[in-house]
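J.: Need coordinates for the below:
(2 chains)
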There are 2 protein chains.
Amino acid sequence: MPSSPTPDPTFAHRTADATLTVLGPDGAPLRDADVVVAQTRHAFGLGNIGFEFIPLANDELSDDGAPAGGRPALGEAEGTRLSRGQAQHLADLWLDVFNTATLPFYWGRFEPVRGRPDTARLRRTAEWFAERGVALKGHPLMWHTVQPDWLLDLPTDEVERLQRERIRREVGDFSGLIDTWDAINEVVIMPVFENGANGITPLARERGRIATIRLAFEEARATNPSATLLLNDFDMSTAYECLIEGVLEAGIQVDVLGLQSHMHQGYWGEEKTLAILDRFSRYGLPIHFTETTLLSGHLMPPELEDLNDYQIPHWPSTPDGEARQADEVERHYRTLASHPSVQGVTYWGLSDGDMWLGAPGGLVRADGTPKPSYDALRRLVKDEWWLAPTALRTDAQGRVGVGGWLGDYEVRADGRAAAFTLEAGAAPEVTLG
Amino acid sequence: MPSSPTPDPTFAHRTADATLTVLGPDGAPLRDADVVVAQTRHAFGLGNIGFEFIPLANDELSDDGAPAGGRPALGEAEGTRLSRGQAQHLADLWLDVFNTATLPFYWGRFEPVRGRPDTARLRRTAEWFAERGVALKGHPLMWHTVQPDWLLDLPTDEVERLQRERIRREVGDFSGLIDTWDAINEVVIMPVFENGANGITPLARERGRIATIRLAFEEARATNPSATLLLNDFDMSTAYECLIEGVLEAGIQVDVLGLQSHMHQGYWGEEKTLAILDRFSRYGLPIHFTETTLLSGHLMPPELEDLNDYQIPHWPSTPDGEARQADEVERHYRTLASHPSVQGVTYWGLSDGDMWLGAPGGLVRADGTPKPSYDALRRLVKDEWWLAPTALRTDAQGRVGVGGWLGDYEVRADGRAAAFTLEAGAAPEVTLG
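T.: Just a heads-up that it's a prediction; the model follows:
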C-alpha cells in the first residue's frame, strides 16, 4: 500500500512554470512580441451542485417567479420558484467561481413514476452547463435514501435487476456528457440504515456491502468504460477504511474516493481534516471532497447522528455566522488544496433558498446577495490562485515564461488568441488563430 | 448472505430429548432397570482465562506464597503470588463452573527475549487443563499490543517474516492440545493504533487490514488445518461489519467470529446485546463472546476510548456493585445462550487478584471468597441448565428417555458406568462397562 502524500501549504503541486512557445498564424515564432496571457479554468475541481438551475436550463421560469413548466423540483428544496432574472443572477455567481456541476439523479425524484425517468430535463441541464465550460458529475447511481416508493416490497432479486437496469440506463443516456458518477453512496450504513423504509437496504444487507458495491461499479463500468466512478461516504471513521480495504482487496476498480464533509455540526478544522486526508490518501487513490457544507447560522446539536433528523421551520443566516463561515470556507479550501491527493471539492449548494435541510449553508443569501464566504472563495480561486490577464513579451524564439495554477489558459496578441494547458513538466506550443 | 437466527429465551436450541438405550456388559439391553443419569459437561462453551493457573500447573508455588519458580507472570497481573493452597482453591472454583480455558500467548510476554519462548510452561498448563477435561484456546497469535520490544524498528518485511514464523511455531507446538486460536486480534484499530509503539501497526498499515488478516489465518491454517480460527475484535460498530464482509469476500476462511464485551463502562443490557448479535450473526458464522467483563465496583468513565487509559491504584469491589454484577452476569449469560449463533462465552478472569486493569471484574474476591456473581453463574450452569444425578428406569427394551442441555452425560447402574453425548436428534446407545 502506498504511503500517504504529504500536504504542502505552498501548493507547489498545484502550480507550474512553463515555457510557452507562441507561433503566429503563419506558423513562424512570434518573436519579441507583446502578448497577454490569462487563465481560463482551474485544473483543480471547484464543484457545486447544479440542482437549482434545472428550471433555468429548461426554460421553465417566468419573469415573475410563477411556475412555467410545472415539473417538480429535483433538487434539495421544494420551495419557492425563482424568476428567470433571479435564476440568471445566481447562475452568473455560480459560473464565476465553479467549474464542475453535480446533477441530481436521486432515483425517487428522477423516476417517481416507474418507466418515466426525467432524462430529457436532466440532459438539457447537463448540456446547459457543458455549453458554459462546466464539467459534470452525476449523483448518485445507487443509494438507500430518496428511493422510489414502487421499489418497496419487491423481491430482492427484482430490486437488484431494476437497480442494475437503472444504472445502465442513466450512465448510457448521459455518456459523453456526464462521465463522472457517484457510483454508490454511503455503503457503510446502507445495510443497517433504519431511518426510512427503502428497497436498497434489504438488498445490501442480504448481498453484503462488497457485492453491492461491485454491482454498482460493474454496471456503470460496463456501460461507460471510460467513466470516472466514485465510492462516496459521509462516514469518516475506521468503518469506511475497512470498507475501502475490502473493496480494493476484492479487485473492484474505484477511480476516486469520495469524502463528504457536511459540517452542520461545526467546522472540522485543519487538524482533523488533514488527519482524515492522511488516513484516506494512503490507498493511493485520488480524493474528491464531494459534499461540503459550512453554516453561516447556528450549528446543529452535536448529539444528532443522522443530520436528516434536524428539522426546524426557519434557520437564519446571521452576521456573526457569515463572518465565521467565510473564515472556515477559506481555511477548508486551503487545507484541501494543500493535499496532493485532493482532485476537487464540491460545495453543496449556492443559495440559502435551495439548501439541504434548509440550513444556512449557502454562499449566497436567500435574497441573492453574496455572503462573505462567496467573496472569500471567489477571491481565493479567481485572484490569489488565478492568473488574471497579464502582459508579457516573447523572446527572439517566440518563447515566454508562464507560471500559475495548473489549468487552462489563453494567450492573445494582435487580436488573435490561442488556448493552452498548463501542466507540470509541459512546454506548450500554440499557434494564434 | 443468510438471515440472522432468532433468539429463543426458552433455549430450545440448547436442549434435547433423546431415547437412550442401555446395554449391559453382556451386550443385552438392560431391561426394566434402575439407572442414574447425570450431566458431566456442557456443549455450550463456558470459558474463562486460565492465566493465573500457570504457576500452579507448573508447580512453581510454595505453601506460603513466596515465589518458587521465579518465572515472570504471563497473565493480566504481575501482582502477589498465591500460595499453593490458595491457587488450588481458586482452581476448584474455576473447574466447578468452566469448561474452556483461554491461555495467554501475548508475544511480548511469551517471548520477551528473542528465541526464548515460554513454550514448555504453557504446554504444561495446557496439559493441566486438558487432564481436567477442559478445552483450550490460545490468545492471540497476532496483535499490536503487548509486543516484544525487539520487534520495534525492524523493516516491515522482517516483521512479517517473524510474525509468520511465530504463528507457525505456536500453532505447531500446541497442535492437538490447543486447536482453537484467536488468529488475530482487533484489526479494526490495528493500522491506526496510536496508544503505543509496536511492530505490527506499521505492518498492518502498509499491507492493509485484509492482507494482514490473511497472513495470520493462512499461517495458522497451513500449520493446523483442523484448527478453529477466530477473528476477534472489541469494535462492535459498523467498522467490524465492514471488515468482516471484506474478509469473507476475499475468501479468507474464518471459523468463528469473536466479539469482546469488556463492559467496564457498564452492562450493555439485553437490547444492545441482542442488536449486536443480530448484526454479527447474519454472516452465518458461529459467534464466541471471547472476552467478557462485568464490574462489581464503580464503572469506568464513559468518555474513555481506550480502556487501557484508566489506571487507578485501587479499584474496590463493593456490596452494591456485587449485587449488580450478579444480576448482570446472569442476564448476560441468559441473553447469549438464547441466541443460536453463540457457541460460547469466555469470562475474562476469575479472581480480583488477577484482573486486567486491576478492575473488580472477577467472580471471586481477592481474598478468594466467591462473589454473588460466581454463585449466580454456578447456579445457572450447574443447576438450572444442568441435569444432576437423576434416578430413571429403563423399559423392557432397555430404553430410557433423557432430556437436558446438550453436552456429555453418564449413566450408571449396578456400579457400572457409560458415557454418552446428548445431541439434537440423536438416539445414543451405550454399553455399561
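
J.: For chain B, what's its nearest residue on the stretch 301-433 of chain A.
T.: As assessed by CB to the nearest CB, chain B sits closest to A:E305 within the stretch 301-433 of chain A, at 11.9 Å. No exception for glycine: its C-beta is placed from N, CA and C like everyone else's.

J.: meant to ask about the stretch 201-350 of chain A, not that
T.: Among all residues of the stretch 201-350 of chain A, A:G246 sits closest to chain B, at 2.0 Å; criterion: CB to the nearest CB.

J.: Quick check: which helices or strands does the helix or strand where that residue lies pack against?
T.: Assigned by DSSP states H and E, A:G246 belongs to helix A:238-249. Packing partners of helix A:238-249 (3 or more CB pairs under 8 Å, 6 or more residues apart in numbering or on different chains; DSSP states H and E): helix A:209-223, strand A:228-233, helix A:269-280, helix B:209-223, helix B:238-249.

J.: Distance from the chain centre to that helix, please.
T.: 23 Å (CA atoms, centre = their mean, to the nearest Å).

J.: Do I have it right that A:T212 meets A:I184?
T.: Yes: with contacts defined as CB atoms under 8 Å, A:T212 counts as touching A:I184 at a distance of 7.1 Å.

J.: shared neighbours of these two, anything?
T.: A:M142 (CB atoms under 8 Å, 6 or more residues apart in numbering or on different chains).

J.: Wait, a helix at A:R109?
T.: Yes: A:R109 forms part of a helix when assessed by DSSP: H, G, I helix; E, B strand; the rest coil.

J.: how close does it get to B:A183?
T.: Applying CB to CB, to the nearest Å, one obtains 47 Å for the distance of A:R109 from B:A183.

J.: which of those two has more neighbours?
T.: Neighbour tally, A:R109 and B:A183, criterion other CB atoms under 10 Å in any protein chain shown: the higher count belongs to B:A183, 30 against 18.

J.: backbone phi and psi for the more buried one, please?
T.: phi -60, psi -40 (degrees, to the nearest 10).

J.: give me the element A:H288 is part of.
T.: Using DSSP H and E, A:H288 maps to strand A:287-294.

J.: that older thread, for the nearest residue to the residue of the stretch 201-350 of chain A closest to chain B once chain neighbours are set aside, what are its contacts?
T.: In space, and not counting its chain neighbours, A:G246 is closest to B:G246: 2.0 Å by CB to CB, 6 or more residues apart in numbering or on different chains. When contacts are counted by CB under 8 Å, 6+ apart, B:G246 touches A:I210, A:C242, A:L243, A:E245, A:G246, A:V247, A:E249, A:A250, B:R209, B:I210.

J.: right, and A:D375 touches A:A326 too?
T.: Yes: using CB under 8 Å, A:D375 is in contact with A:A326, at 7.2 Å.

J.: Looking at those two, which is more packed in?
T.: A:A326 (21 against 14).

J.: Surely that one is in a strand?
T.: No: A:A326 sits outside any strand when classified using three-state DSSP, being helix.

J.: Quick check: the spatially closest residue to it that is not a sequence neighbour vs B:L203, distance?
T.: Closest residue to A:A326 apart from its sequence neighbours, by CB to CB, 6+ apart: A:P372 at 3.7 Å. Taken as CB to CB, the spacing of A:P372 relative to B:L203 amounts to 48 Å.

J.: Name the residue in these two with the higher neighbour count.
T.: In this comparison of A:P372 against B:L203, neighbours counted by other CB under 10 Å, the higher total goes to B:L203 at 25 against 18.

J.: Could you verify my assumption that that one touches B:T212?
T.: Yes: between B:L203 and B:T212 a contact is recorded at 6.6 Å, counting by CB under 8 Å.

J.: how about the strands in the stretch 51-200 of chain A?
T.: All strands of the stretch 51-200 of chain A, identified by DSSP state E, counting those that start in this stretch, fall at A:100-104, A:135-139, A:180-185.

J.: How about the contacts made by A:G27?
T.: Contacts of A:G27 were listed using CB under 8 Å, 6+ apart, and they are A:T431.

J.: hmm, I was thinking of A:G425
T.: A:A16.

J.: which element is it on?
T.: Assigned by DSSP H and E, A:G425 belongs to no helix or strand.

J.: mind checking the SS state of the closest residue to A:N232 other than its chain neighbours?
T.: Of all residues not flanking A:N232 in the chain, A:G258 sits nearest, at 3.2 Å (CB to CB, 6+ apart). Classification of A:G258 using three-state DSSP returns strand.

J.: just to revisit the earlier point, got the angle between the helix holding A:G246 and helix B:238-249?
T.: 10 degrees (axes from the mean of the first three to the mean of the last three CA atoms, to 10 degrees).

J.: tilt between helix A:238-249 and strand A:180-185?
T.: Note on geometry: by the same axes, to 10 degrees, helix A:238-249 and strand A:180-185 are set 110 degrees apart in direction.

J.: and helix A:238-249, average pLDDT?
T.: Computed over helix A:238-249, the mean pLDDT rounds to 97.

J.: Tell me which of A:T212 and A:I184 has more neighbours.
T.: The residue with more neighbours, out of A:T212 and A:I184, is A:I184; 32 against 24, by other CB under 10 Å.

J.: Okay, that one and A:N232: tell me how far apart.
T.: Distance of A:I184 to A:N232, given as CB to CB: 7 Å.

J.: Need the overlap of contacts for the two.
T.: Common contacts of A:I184 and A:N232, defined by CB under 8 Å, 6+ apart, comprise A:P140.

J.: Next, count neighbours for the closest residue to A:P302 other than its chain neighbours.
T.: For A:P302, the nearest residue in space outside its immediate sequence neighbours is A:Q265; the separation is 5.2 Å by CB to CB, 6+ apart. Summarising burial for A:Q265: neighbours were counted as other CB under 10 Å, giving 15.

J.: same thing with A:R121?
T.: Applying the criterion other CB under 10 Å, we find 18 residues in the vicinity of A:R121.

J.: That one - nearest residue in space that isn't next to it in sequence?
T.: Counting by CB to CB, 6+ apart, the nearest residue to A:R121 once its immediate chain neighbours are dropped is A:N58, at 5.3 Å.

J.: burial measure for that neighbour, as a count.
T.: By the criterion of other CB under 10 Å, A:N58 has 18 neighbours.

J.: do the same with the one 3 residues further on
T.: Per other CB under 10 Å, the neighbour tally for A:L61 reads 22.

J.: Quick check: it vs chain B, distance?
T.: In this structure, A:L61 and chain B are 43 Å apart, going by CB to the nearest CB, to the nearest Å.

J.: So what sits opposite that residue in the bridge?
T.: Applying DSSP bridges to A:L61 gives these bridge partners: A:P67.

J.: and it, what pLDDT?
T.: According to the per-residue confidence, A:L61 scores 93 in pLDDT.
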